[in-house]
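A.B. asks: Structural data only, the sequence is not supplied:
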């Protein structure tokens, strides 16, 4: 029995050690902070606060849950992005009008690799919660991945792909560096 307990306490799930249930505390199942905005992304007009339940609520490790709060100014946008390890559900709190768009590259495999954006089409700030079915959904911002990657994508490939010239590609790169 002792070897089982030692093994159980040393199991890593999503990079975190699973907590022995006998050592769980009430604080392992409580968090706060969704009542306030988070990090500011002024270029796009939104703030984002991610409540990563692995770190904020360790009692929920392995349950595959994450939550984020975003405050989106009028005409603000959460730019084209994807979550490689999760589906996303958004819920507008109180007021606001959002347009959530999805670009599906493979209709037969709809739930994987969906590129999405969220745009505030209203005249008031919109606050919403995003729920993910992964405790580590990951995020890939598409414009940054294309224009600010390391090593950089080849200018000629980008120019030909977007039907632009290399000067236009260089100008776009400056916005994401």
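C.D. replies: Looks like it arrived, so ask away. Since we're looking at a predicted model, the values are computed, not measured.
A.B. asks: Where do the strands of the protein begin and end?
C.D. replies: Read by DSSP state E, the chain holds these strands, from start to end of the chain: 12-13, 16-17, 39-41, 46-52, 66-72, 77-82, 88-93, 98-103, 115-120, 126-132, 140-141.
A.B. asks: avg pLDDT for stretch 136-145?
C.D. replies: Mean per-residue pLDDT for stretch 136-145: 89.
A.B. asks: buried sites along it?
C.D. replies: Residues of stretch 136-145 classed as buried by neighbour count (16 or more other C-beta atoms under 10 Å): 136-137, 139, 141. (Each C-beta comes from the backbone N, C-alpha and C, glycine too.)
A.B. asks: which outside residues touch it?
C.D. replies: Contact partners of stretch 136-145, identified using C-beta atoms under 8 Å, 6 or more residues apart in numbering, comprise 14-15, 52, 54, 66, 79-86, 88, 115, 176.
A.B. asks: end-to-end on it?
C.D. replies: 19 Å (C-alpha to C-alpha, to the nearest Å).
A.B. asks: tell me the contacts of the spatially closest residue to residue 28 that is not a sequence neighbour?
C.D. replies: Closest residue in space to residue 28, ignoring its immediate chain neighbours: residue 59 at 3.4 Å, by C-beta to C-beta, 6 or more residues apart in numbering. Counting by C-beta under 8 Å, 6+ apart, residue 59 touches 19, 24, 28-29.
A.B. asks: Could you export those residues as CSV, including pLDDT?
C.D. replies: Formatted as CSV, the contacts of residue 59 follow (pLDDT from 0 to 100):
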residue, pLDDT
19, 71
24, 82
28, 83
29, 81
